[in-house]
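Student: Task: produce atomic coordinates for the following.
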Amino acid sequence: MNLMLLRNAQVHAPEPLGQQHLLLGGGRILWMGATLSELPATLAVETIDLEGRRLIPGLIDAHVHVTGGGGEAGFRTRVPPLGVSRFTRAGITTVIGLLGTDDVARGPRDLLATVYALREEGLSALAFTGGYHVPPRTLTGSVRGDLVLIEALIGIGEVAISDHRSSQPTLDELLRLAADAHVAGLMTGKAGVLHLHLGDGPRGLDLVRRALEQSELPPRVFHPTHVNRRKALFDEALELAARGSTIDLTAFPVEEGEDAWSAADGLIRFLDSAAPAERITISSDAGGCLPVFDHEGHVCRMGVGESGALLQTLNEVLQRGVPLERALPAFTSNPARLLRLAAKGQIRVGADADLVVLDAEGAAHDVIASGVVHLRGGRVERHGMFEHPG
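Tutor: Residues are numbered from 1 along each chain as shown. Next up is the predicted model:
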């Protein structure tokens, strides 16, 4: 077992623990303490002195188009797959992959293979089965079968509602998907969530409210994303969080005067509300296209989601006076709790050694994924198979 000693870290676990030393081995945190005894000389231990820098859990990005998204304006608009260092440079050590609008040219086999490739390159990677449309694309013939029989699949998504690109699912269809996710979660101990893409349509979260009113399903099953894309939709989402659902903000760019909240604005507003602080997550939509449509539904311009948006959002929130221990859970312990990733999102003995060292400006200085250094001093140490070092 390779051992690594991190010395003089200011630990935010997410709660502040002060200066600590940590011993890592076998991909886990083996020991943590404020005082450090002499280690036996026979132990081969790599030592890294963090010199008082902040140490946080690796970020969990619960909405990533790992195969690449896009395709709304022809095949040339399909976004290429993302290499592993795109994530680690941004402090992300766990990703949840999914399919979006294009669940035809890109399918569940491609998604699963990409997840396995990211694992081989050292990242923690899981996925949602299905995609935008109903009935969903599956590997076993049913979403429940996918979740029960395929280890890497932990929920269903992103199923599109209130969007002209969706398959316009009915309440009954939505309830059936949510029930399958819930039951599969019970059978396996997996997340069992229905991850919902929210468009900018006027119906907003109406389907979800009706699903909760007309079924026995627990609110935690419904995990709507992009809820900051319209200010009125965000207000609806706050009410849903108060009922027990976890809502997801997307860290996309917001122009001045736009009818939307940035992820930083949304997080601050959420934390200042009466909603439970554990009921919010933030994801990047990395690899997904960010199209703007005209009144006929044609793409008039397009951007691409970036993994770095998570750290940028965290730093913006900190610059606006939110303490790190209050902002950090939305990127770490909250998604870990929702997705039932017990060893993720926290710095504690026995947890996975997924760790990010922040420099004075809040950028990732060092990144350790499953106990292996991927970023050291801001430089990438481990590239993907087809990434070009530079």
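
Student: Strands of the stretch 1-150 of the chain, residue ranges please.
Tutor: Remark: strands assigned in the stretch 1-150 of the chain by DSSP state E, counting those that start in this stretch are 3-12, 16-25, 28-33, 45-49, 54-57, 59-64, 92-97, 124-129.

Student: Tell me which residues touch His226, please.
Tutor: His226 is in contact with His197, Leu198, Gly199, Asp248, Thr250, Asp285, counting by CB atoms under 8 Å, 6 or more residues apart in numbering. (Each C-beta comes from the backbone N, C-alpha and C, glycine too.)

Student: Is it possible to get CSV of those residues that adds pLDDT?
Tutor: Below are the contacts of His226 laid out as CSV (pLDDT from 0 to 100):
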residue, pLDDT
His197, 97
Leu198, 97
Gly199, 94
Asp248, 98
Thr250, 97
Asp285, 93
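
Student: Mind giving me the PyMOL select for those residues, buried ones only?
Tutor: If you want just the buried ones from these in PyMOL, going by 16 or more other CB atoms under 10 Å, the selection is:
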select buried, resi 197+198+199+248+250+285
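
Student: how far off strand 124-129 does the longest helix along the chain point, in degrees?
Tutor: Counting residues, the longest helix found in the chain (DSSP state H) is helix 171-188. Calculated by axes from the mean of the first three to the mean of the last three CA atoms, to 10 degrees, helix 171-188 forms an angle of 140 degrees with strand 124-129.

Student: Which other helices and strands does the very next helix or strand once past helix 171-188 contact?
Tutor: The first helix or strand that comes after helix 171-188 along the chain, using DSSP states H and E, is strand 193-198. If you count contacts as 3 or more CB pairs under 8 Å, 6 or more residues apart in numbering; DSSP states H and E, strand 193-198 packs onto strand 153-161, helix 171-188, strand 222-225.

Student: nearest to Gly100, of these?
Tutor: strand 153-161 (6.3 Å; CB to CB).

Student: What are the buried residues along the helix or strand harbouring Leu207?
Tutor: Using DSSP H and E, the element containing Leu207 is helix 206-213. Applying a neighbour-count criterion of 16+ other CB under 10 Å, one finds Leu207, Val208, Ala211, Leu212 buried in helix 206-213.

Student: Let's have those in TSV, adding pLDDT.
Tutor: As requested, the buried residues of helix 206-213 are exported to TSV (pLDDT from 0 to 100):
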residue	pLDDT
Leu207	97
Val208	98
Ala211	98
Leu212	97
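
Student: what stretches of the stretch 101-250 of the chain score poorly on pLDDT?
Tutor: Along the stretch 101-250 of the chain, segments meeting pLDDT under 70 are nowhere present.

Student: Which parts of this protein are helices?
Tutor: In the chain, the helices defined using DSSP H lie at 84-88, 108-120, 143-149, 171-188, 206-213, 231-243, 263-272, 309-319, 324-327, 333-338.

Student: Can you tell me which of those is most buried?
Tutor: helix 84-88 (a mean of 26; mean count of other CB atoms under 10 Å).

Student: Show me what that helix is packed up against.
Tutor: Looks like helix 84-88 contacts strand 364-369, strand 372-376 (3+ CB pairs under 8 Å, 6+ apart).

Student: how about the ones you listed, which one is nearest Met32?
Tutor: strand 364-369 (13.9 Å).

Student: and the angle from the closest one to strand 16-25?
Tutor: Using the same axes, to 10 degrees, strand 364-369 lies at 50 degrees relative to strand 16-25.

Student: tell me, how many neighbours does the nearest residue to Arg165 once chain neighbours are set aside end up with?
Tutor: Leaving aside its sequence neighbours, Arg165 sits nearest to Thr101 (CB to CB, 6 or more residues apart in numbering; 5.3 Å). As a burial measure, Thr101 scores 23 neighbours (other CB atoms under 10 Å).

Student: Reformat the helices and strands packed on strand 193-198 as JSON lines; add distance to Gly145.
Tutor: Converted to JSON lines, those look like this (distance: least, CB to CB, whole Å):
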{"stretch": "strand 153-161", "distance to Gly145": "10"}
{"stretch": "helix 171-188", "distance to Gly145": "8"}
{"stretch": "strand 222-225", "distance to Gly145": "21"}
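
Student: show me the contacts for the residue nearest to Arg86 when sequence neighbours are not counted.
Tutor: The spatially closest residue to Arg86, leaving aside those adjacent along the chain, is Ser307, at 5.3 Å (CB to CB, 6+ apart). For Ser307, the contact set (CB under 8 Å, 6+ apart) comprises Asp61, Val64, Leu82, Arg86, Phe87, Arg89, Ala90, Ile92, Ser284, Ala286.

Student: Among the residues you listed, which one has the most neighbours?
Tutor: Counting neighbours by other CB under 10 Å, the top entry in those is Phe87, with 32 neighbours.

Student: I'd like to know how far the nearest residue to that one once chain neighbours are set aside sits from Asp248.
Tutor: Spatial nearest neighbour of Phe87, excluding adjacent residues (CB to CB, 6+ apart): Ser307 at 5.3 Å. According to CB to CB, to the nearest Å, Ser307 and Asp248 sit 16 Å apart.

Student: of all the helices of the chain, which lies closest to Leu6?
Tutor: helix 84-88 (16.9 Å).

Student: Check what contacts that closest one and list those residues.
Tutor: Contact partners of helix 84-88, identified using CB under 8 Å, 6+ apart, comprise 61, 64, 93, 95, 118, 121-123, 286, 307, 364, 367, 369, 374-375, 380, 382-384, 387.

Student: From the chain's centroid, how far away is it?
Tutor: 13 Å (CA atoms, centre = their mean, to the nearest Å).

Student: what's the average pLDDT for that helix?
Tutor: Averaging pLDDT along helix 84-88 yields 94.
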